[in-house]
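In: Build me a model:
(3 chains)
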Amino acid sequence: MLGLVDCNNFYVSCERSFNPALEGKPVVVLSNNDGCVIARSSEAKALGIKMGLPYFQLKELLSQHEIKIFSSNYTLYGDMSARVMATLGQFSEEVETYSIDEAFINLEAWGNAHSDLLIMAQNLRATVGRWTRIPVSIGVAPTKTLCKVANYFSKRSPENDGVLILDTPARITEALSDFPVAELWGIGSRYAAVLRRNDIRTAAQLRDAPDEWINRNLTVNGLRTAYELRGLPCKMLETEAAPKKAICTSPSFGRLVPDLKTVSEALVTHLSRAAEKLRKQGSAAGTVTVFLHTNRFKISPNGQPARQYYNSLSAQLPHPTASTTELTGYAQALLKTVFRFGYAYQKVGVILSNLVPIDHRQAAIFTDGPDERLVRLSATIDRLNHRYGRDKVRLAAAGYDNTWHHKQQWMSPAYTTRWRDILTVK
DNA sequence: TCTGGGGTCCTAGGACCC
DNA sequence: TCTGGGGTCCTAGGACCC
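Out: Numbering: from 1, shown residues only, chains lettered A, B, ... in the order given. Below you'll find the predicted structure:
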């Protein structure tokens, strides 16, 4: 059996973990740039606040209710996630960190008896709650997709008390007959529409559909989902995090930016961030892509949609590199080519791809290899910045104007990762 | 009138996830 | 005024090979 442990309203729960005054109140966490709602407490959900609601539309509700608002604090959420995952390690040898707030775990050691599974799962919930103050829900089943279904019901039915175990054909069929197919893991809005047109409305109906039809309409991914619903595992537990194949950094500007100089400085800043991630996983990039675009929601003074511009450009590098300095040269050249004057830009982004392990780089025939001194320089800068703070040492090309930086008006302290933010007990 | 068969590799676009 | 960010995988079609 496998378990899916999912943190309830994770970002809100992180904020509450260090600020108990938020208990029982409607709390929302906003996306980057304080753009829209990405996490809601149950009280906020009860007020009808939808996922993805833009902040400026939320404002109308603020006058009627006392809603607590937070900017995304990923330093805090990432650290709390690591603490939750480490706690899971106490209960299972094999933990797959599936996302910041979810993990699949192997429950082989718990045995197969329903009562044992229930006791262990409740014990796990209680321990995570005690150690991190993060409430979790647990779905237990023979495949990952069925775990997702079990988890869905464990959250929604109070009588399940945060745990649901689907361990017999009868229990599985009962759950699947009640489960909207559009909510299945792997079924998005497009596939949901296809299924609806074919009168497939529950997970049980998809499970029982002919393989050939599923394969034709939902590709092999849909077929895997159907197999998993039948209890045949197709998605294995992956406890080793695979290195990323692409790394992208593209936060929006805090205001619209029209000029090349500012866009370029932002690009260099983003690239520095992406290259840090690149070196952290021990990779070098063979391709750099730069893209930029205007605000697609913007309306002109005359009431018409504003003129839009989106473009991207990639360069294959003569040799893969992990040097911020070297990558910056290419990125700036790409930007000069894609940039058009006369637009107000919302964001510029950079993607590093064709990643290879840093010690297995293919040398180029006709050009010199990467300058090892530049690679060592980047590594040294990483160490300095880790110790003294982000961007303490950086390229001058990143500029000194930070008026374009994204907004984060309601940021909570980094309670667990910054000395001066540690709570004081009076 | 009539024009083979069997492959690989790359890319763009579309689907999905949190 | 104001609408997020960062990923993965699959498929069809085009270009190429002998």
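
In: all contacts plus neighbour counts: C-alpha atoms, from now on.
Out: Noted.

In: list the contacts for the closest residue to DNA strand C within the stretch 151-300 of chain A?
Out: Nearest to DNA strand C, among the residues of the stretch 151-300 of chain A, is A:Pro251, at 2.9 Å (CA to the nearest atom of the strand). Residues counted as contacts of A:Pro251 (CA atoms under 8 Å, 6 or more residues apart in numbering) are A:32-33, A:270, A:347-349, A:406.

In: Just among those residues, which is most surrounded?
Out: A:Val348 (27 neighbours; other CA atoms under 10 Å).

In: A:Cys147 is in contact with A:Gly139, isn't it?
Out: Yes. Using CA atoms under 8 Å, A:Cys147 makes contact with A:Gly139 at a distance of 4.9 Å.

In: who touches both of the two?
Out: In contact with both A:Cys147 and A:Gly139: A:3-4, A:166, using CA under 8 Å, 6+ apart.

In: Select from those every entry located in strands.
Out: Using DSSP state E, the members of these that fall in strands are A:3-4.

In: Enumerate the positions of the longest helix along chain A that are buried.
Out: Ranked by residue count under DSSP state H, the longest helix found in chain A is helix A:260-280. By 16 or more other CA atoms under 10 Å, the buried positions in helix A:260-280 come out as A:262-279.

In: where in chain A is pLDDT low?
Out: A:362-367, A:369-370 (pLDDT under 70).

In: ranges for the helices of it?
Out: Using DSSP H, helices in chain A cover A:10-17, A:42-46, A:55-62, A:74-88, A:114-132, A:144-156, A:169-177, A:189-197, A:203-207, A:211-229, A:260-280, A:324-338, A:372-388.

In: Please name whichever of those is nearest to A:Ser412.
Out: Checking the helices of chain A against A:Ser412 by CA to CA gives helix A:10-17 as the closest, at 7.6 Å.

In: ok, A:Thr416 touching A:Leu76?
Out: Yes. Between A:Thr416 and A:Leu76 there is a contact at 6.7 Å, judged by CA under 8 Å.

In: Contacts only, for the closest residue to DNA strand B within chain A.
Out: For chain A and DNA strand B, the shortest gap (CA to the nearest atom of the strand) falls at A:Gly188, measuring 2.9 Å. Each residue near A:Gly188 by CA under 8 Å, 6+ apart is listed here: A:Ala182.

In: Pretty sure A:Arg201 sits against A:Val181.
Out: Yes. A:Arg201 is within contact range of A:Val181, at 5.4 Å (criterion: CA under 8 Å).

In: Which of these two has more residues huddled nearby?
Out: A:Val181 (24 against 18).

In: Tell me how far the residue of the stretch 151-300 of chain A closest to DNA strand C lies from A:Pro258.
Out: Distance of A:Pro251 to A:Pro258, given as CA to CA, to the nearest Å: 16 Å.

In: try A:Lys245
Out: 32 Å.

In: More neighbours: which of the two?
Out: A:Pro258 (16 against 13).

In: quick one on the thing from earlier: who has more neighbours, A:Thr416 and A:Leu76?
Out: A direct count of neighbours by other CA under 10 Å for A:Thr416 and A:Leu76 places A:Leu76 higher, at 19 against 16.

In: contacting residues around that one?
Out: Contacts of A:Leu76 (CA under 8 Å, 6+ apart): A:14, A:414-417.

In: Quick check on those residues: which are buried?
Out: A:14, A:414-416.

In: need the residues of chain A near DNA strand B, please.
Out: A:99-102, A:183-192 (CA under 7 Å from any atom of the strand).

In: So which of those residues sit within strands?
Out: A:99, A:102.

In: Look up the closest residue to A:Gln7, ignoring the ones flanking it.
Out: To be clear, residue A:7 is Cys; Gln isn't right here. A:Val136 (4.2 Å; CA to CA, 6 or more residues apart in numbering).

In: Just to check, that neighbour is in contact with A:Asn8?
Out: Yes. If you go by CA under 8 Å, A:Val136 and A:Asn8 touch, sitting 5.3 Å apart.

In: Between these two, tell me which one has more neighbours.
Out: For the pair A:Val136 and A:Asn8, the greater number of neighbours falls to A:Val136 (26 against 21), based on other CA under 10 Å.

In: give me every residue that touches the more buried one.
Out: Neighbours of A:Val136 in contact, by CA under 8 Å, 6+ apart: A:5-8, A:125, A:128-129, A:162.

In: next one: A:Glu228
Out: A:143-146, A:234-235.

In: Enumerate the residues of the stretch 151-300 of chain A near DNA strand C.
Out: A:219-221, A:243-253, A:255-256, A:295, A:297-298.

In: same thing but at 6 Å, please
Out: Within the stretch 151-300 of chain A, the residues that sit near DNA strand C (CA under 6 Å from any atom of the strand) are A:219-221, A:244-252, A:297-298.

In: Among those, which one is most surrounded by other residues?
Out: Neighbour-wise, those (other CA under 10 Å) top out at A:Ser252, 23 neighbours.

In: How about it, nearest residue that isn't a chain neighbour?
Out: A:Lys347 is the one closest to A:Ser252 (CA to CA, 6+ apart), at 4.5 Å.

In: I'd assumed A:Leu292 was in contact with that neighbour.
Out: Yes. Using CA under 8 Å, A:Lys347 is in contact with A:Leu292, at 5.6 Å.
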